[in-house]
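[1] sequence unknown, structure follows:
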């Protein structure tokens, strides 16, 4: 690869919805690569909390300050196929702890096996290690306040949808 | 805090049904705190194996020998809200191994974040480390004998319900 | 036990379908025991990807080169009961990493508690550590190529069923 | 136990030197117990970075704002013997992650076995999870700035001793 | 392999000294194999707590009730070479938890790579999961009572050597 | 950052000596960055198996086929200071399993805290997960054959030094 090629990575996820944990990883990836493709991967047979266009809007709002980010969605597609389509030879993922790692390790080996695409892991910001979309939704549904753990616009959307 | 305030902790769980692993943790918490509130947390949208009143009765029978224990149930409530309502500034949970810990760690950070409530972890009695309500139910349903792993009254109730 | 008794072990699983990871563990168990009983355990209330007779046929094809292997299926039965029926005092399982171990440890203690049957763990072949039936099926369903990770006949069956 | 007995716990460690991670755990223990005994455990055959009286002074400075704390040192003594001497039926320890837990679990079981003393684990403040006395010393020795990770007085003492 | 060949496994360790955790694993291995070779592996450059002949005597006493056990010592030898010399195609080791597993996994892969010898892991008896030779020695040296965790003769030898 | 800046990362280690596991990680990093600085970090107070110039020569031989690699050594220096000096805003490290991760996580947080430098983790090639310099040296010292796990020139150097 020559320095004239832009270096591009993929940050895959379901982003249902985006959390500050996601934003942290994407910001850091954007500091290391010329372009970050935020890929919303979804299974069209499964109903999420937010629709794909809602997730996209929430991501756009949360990442408006990061210039070299592109957001797109794929249905029923392998992440390595996303990488191929957008011209990325690696993806970047956050790791929150040992369980994340045990789960991500076989996925990384499988993706390397399928296509040679590399998975680069970043240690999550410690102050956001307890933040996942599913735990956030559970807390909001039961009346808890997750200010500081998700972007402001997501906070409003979660309350409207779940409370 | 002054010594005149009673020290109170919460032992939360779904207790569907109580096992000897639960009893061990609650007994030990009762030795460390003036009062233990055993909080049955449940999601009213999900059907359990036992009803809330059945779970309460089985807990009462299993904990009859522990004087400073109170049993109560909450539907669709955050555990930190339970702590607030009963006046407890900590909860006590058993840890059976690394997987428990990886699962409990983000929950503990979230609960601390939401309210300042502390989670105190006790290492499970090694001879009961393999005991969980779900594994117990699977074994009983397939005809296995779980004597010694659950209280006597639970053993009878499980057989009646599952075999 | 005398040397005249054949040493027999059980390799339990749902085998829906068999992968090269399973084949590796069964081959190694067959090198250590006189006979290996490959036990397809299934819950008749749950629909799998392949029927029990399909799973059996795929296992037969994949293990045709291992002479001291017997394949059989049990519905809604504890693995320790399978061991009792076939006259095995141990089972052999592969471990792919820390998460597998954390999951298998309580099962092994429970099975030892229920019947005295031992669980012997073999470290999975590193080049197959990312291989599980569920990940294989997800990859195939989304169009990925899992050649080298499952037997040839399984590859064909997966494509026919899932793509 | 009656509410008239003061509830006392032990926070054991080598404290060579105290870090902000230690201070966080001791402060939280002091909120849960009437008195916290900070026990400096040391092996007189091993030379530390700071002497026992230096470690004690640094702890005193770091904990001056916590009224219900007592600091004391024991040479070549089991922590359960410390608990017996000071009249504590539990100790409180911070857990920084899975490795801490795997190390602490057998210690907790051993201490329970030796004397019935309970070990209560608190999840470390995420923003201090990377802080240990040994890593702090390594960083300082090589010229790194650990401001915010240790008390001010410890920062000065470390620079004087190690740089 | 035919049923006329005796099935032999190796239980390697430093056994400095043998604990009830070791005895448990060796007894269980002896129930699964025709012969168990207990292999004391030691580095002649390192001084242990007990000499090789002392370790051998303590093992003999602790295993007098297990007929199909042979005890032998090797200096500066790979365990796979021990297996080759005694004609064993597997070794059996106890696993006490996640840390043991993370340590043993690369060793097992290395030994498989070097010689094809298999490592079979048994989950340690939960009531002995906190027992290791090094922790036992530390406890005894500081005056703790480890009755029930080591054989009687080892208890006496430890007190004489360390207290 | 603009695409005209070369993207540079550091692969730090003691490389005493380089293994095929190191080579794999460095090759993959070299595919993702314009330049990889292989940084031999050493403590001048500690004697290694190979001298710094020997380690450098062995690395040069092992990496002759990777054009965008630079090898250099630093004594008693923090890795974040190395990154600053060479103009790298990230380092790349291999992860072999859960234990590696638990060890590397606090280091990554500390380095991020000290300087903002990112640590990017790559999952080790599964077929090399059991390979570490220390295990390699132990095996060679006891007469084992580590062909395929280290570069040819390292194999010769290890035999000459250790056997």
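    Great, that's in hand. Values in this document were obtained by computation on a predicted structure and should not be read as measured data. Numbering: from 1, shown residues only, chains lettered A, B, ... in the order given.
[2] What residues does chain A have near chain C?
    Applying C-beta under 8 Å from any C-beta of the partner chain, we find that chain A lies next to chain C at A:76-78, A:80-81, A:98-99, A:102-103, A:105-110, A:113-114. All C-beta atoms are positioned from the backbone trio N, CA, C, and that covers glycine.
[3] Just the residues you listed: which are in helices?
    Mapping the residues of chain A next to chain C onto helices (DSSP state H) picks out A:80-81, A:98-99, A:102-103, A:105-110, A:113-114.
[4] check contacts around residue A:39.
    For residue A:39, the contacting residues are A:10-13, A:72-74, A:79, A:82, A:86, by C-beta atoms under 8 Å, 6 or more residues apart in numbering or on different chains.
[5] again, 10 Å this time
    By C-beta atoms under 10 Å, 6 or more residues apart in numbering or on different chains, residue A:39 lies in contact with A:10-13, A:15, A:70-74, A:77, A:79, A:82-83, A:85-86, A:88, A:91.
[6] now residue A:104
    Contacts for residue A:104 (C-beta under 10 Å, 6+ apart) come out as A:93-95, A:119, A:121, F:121, F:123.
[7] between those residues, which is closest to residue C:22?
    Taking C-beta to C-beta as the measure, residue F:123 is the one of these closest to residue C:22, at 22.5 Å.
[8] burial of that closest one, as a residue count?
    28 (other C-beta atoms under 10 Å in any protein chain shown).
[9] can you check residue A:6 too?
    Per other C-beta under 10 Å, the neighbour tally for residue A:6 reads 12.
[10] Where does it sit: helix, strand or coil?
    On the three-state scheme (DSSP: H, G, I helix; E, B strand; the rest coil), residue A:6 is labelled coil.
[11] residue contacts, it?
    Counting by C-beta under 10 Å, 6+ apart, residue A:6 touches A:33-35, A:68, A:87-88, F:3.
[12] doesn't residue B:107 make contact with residue A:129?
    No - in this structure, residue A:129 is not within contact of residue B:107 by C-beta atoms under 10 Å, at 11.6 Å.
[13] In terms of neighbours, single out the busier of these two.
    Neighbours per residue, other C-beta under 10 Å: of residue A:129 and residue B:107, the larger number sits with residue A:129, 23 against 18.
[14] Could you tell me which residues make contact with the more buried one?
    Residue A:129 sits next to A:21, A:94-97, A:100, A:123, B:105-106, B:109, D:97, D:126-127, D:129, F:105 when contact means C-beta under 10 Å, 6+ apart.
[15] With residue A:30 instead?
    In this structure, residue A:30 makes contact with A:9, A:11, A:36, A:38, A:63, A:65-69, A:92, F:1, judged by C-beta under 10 Å, 6+ apart.
[16] List only buried entries from these.
    In terms of neighbour count (16 or more other C-beta atoms under 10 Å in any protein chain shown), the buried residues within those are A:9, A:11, A:36, A:38, A:63, A:69, A:92.
[17] Just give the nearest non-adjacent residue to the last one, would you?
    Looking back up the chat, that one is residue A:92. Of all residues not flanking residue A:92 in the chain, residue A:29 sits nearest, at 4.1 Å (C-beta to C-beta, 6 or more residues apart in numbering or on different chains).
[18] what do you get for residue A:90?
    Nearest one to residue A:90, counting by C-beta to C-beta, 6+ apart, is residue A:118 at 4.2 Å.
[19] Got the phi and psi for the one you found?
    With angles defined as degrees, to the nearest 10, residue A:118 sits at phi -90, psi 150.
[20] how close does it get to residue F:39?
    21 Å (C-beta to C-beta, to the nearest Å).
[21] Same check on residue A:113?
    30 Å.
[22] can you check residue A:64 too?
    Distance, residue A:64 to residue F:39, using C-beta to C-beta: 37 Å.
[23] Just name the closest of the contacts of residue A:129 to chain C, please.
    Nearest to chain C among these is residue A:100, at 10.5 Å by C-beta to the nearest C-beta.
[24] how about low-confidence regions in chain A?
    A:1-4 (pLDDT under 70).
[25] Helices of that one, start to end?
    For chain A, applying DSSP H gives helices covering A:20-32, A:52-62, A:79-86, A:98-115, A:133-141, A:152-162.
[26] okay, those helices in TSV with distance to residue E:149 next?
    Shown next, in TSV, are the helices of chain A (distance: least, C-beta to C-beta, whole Å):
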stretch	distance to residue E:149
helix A:20-32	44
helix A:52-62	55
helix A:79-86	50
helix A:98-115	29
helix A:133-141	40
helix A:152-162	52
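[27] Of the ones you listed, which is nearest residue D:135?
    Distance to residue D:135, taken as C-beta to C-beta, is lowest for helix A:98-115 among the helices of chain A, at 18.6 Å.
[28] relative to helix F:20-32, how tilted is that closest one?
    Angle between the axes of helix A:98-115 and helix F:20-32 is 70 degrees (criterion: axes from the mean of the first three to the mean of the last three C-alpha atoms, to 10 degrees).
[29] picking up where we left off before, out of the contacts of residue A:6, which are inside strands?
    Counting by DSSP state E, the contacts of residue A:6 place residue A:35 in strands.
[30] What sits closest to the residue of chain A found nearest chain D if chain neighbours are left out?
    The minimum distance from chain A to chain D, using C-beta to the nearest C-beta, falls at residue A:126 (3.8 Å). In space, and not counting its chain neighbours, residue A:126 is closest to residue D:126: 3.8 Å by C-beta to C-beta, 6+ apart.
[31] how close does the one you found sit to residue B:108?
    Relative to residue B:108, residue D:126 is positioned 10 Å away (C-beta to C-beta).
[32] what touches both of these two?
    Here residue D:126 and residue B:108 have residue A:130 as joint contacts, going by C-beta under 10 Å, 6+ apart.
[33] Let me know whether residue A:90 touches residue A:115 as I believe.
    No - using C-beta under 10 Å, residue A:90 is not in contact with residue A:115; the gap is 11.0 Å.
[34] which of those two has more neighbours?
    Using other C-beta under 10 Å as the criterion, residue A:90 and residue A:115 rank with residue A:90 on top: 23 against 17.
[35] Let me know how buried residue A:94 is, in neighbour terms.
    Neighbours of residue A:94 under the rule other C-beta under 10 Å: 23.
[36] That one is in contact with residue A:12, isn't it?
    No - if you go by C-beta under 10 Å, residue A:94 and residue A:12 don't touch, sitting 11.3 Å apart.
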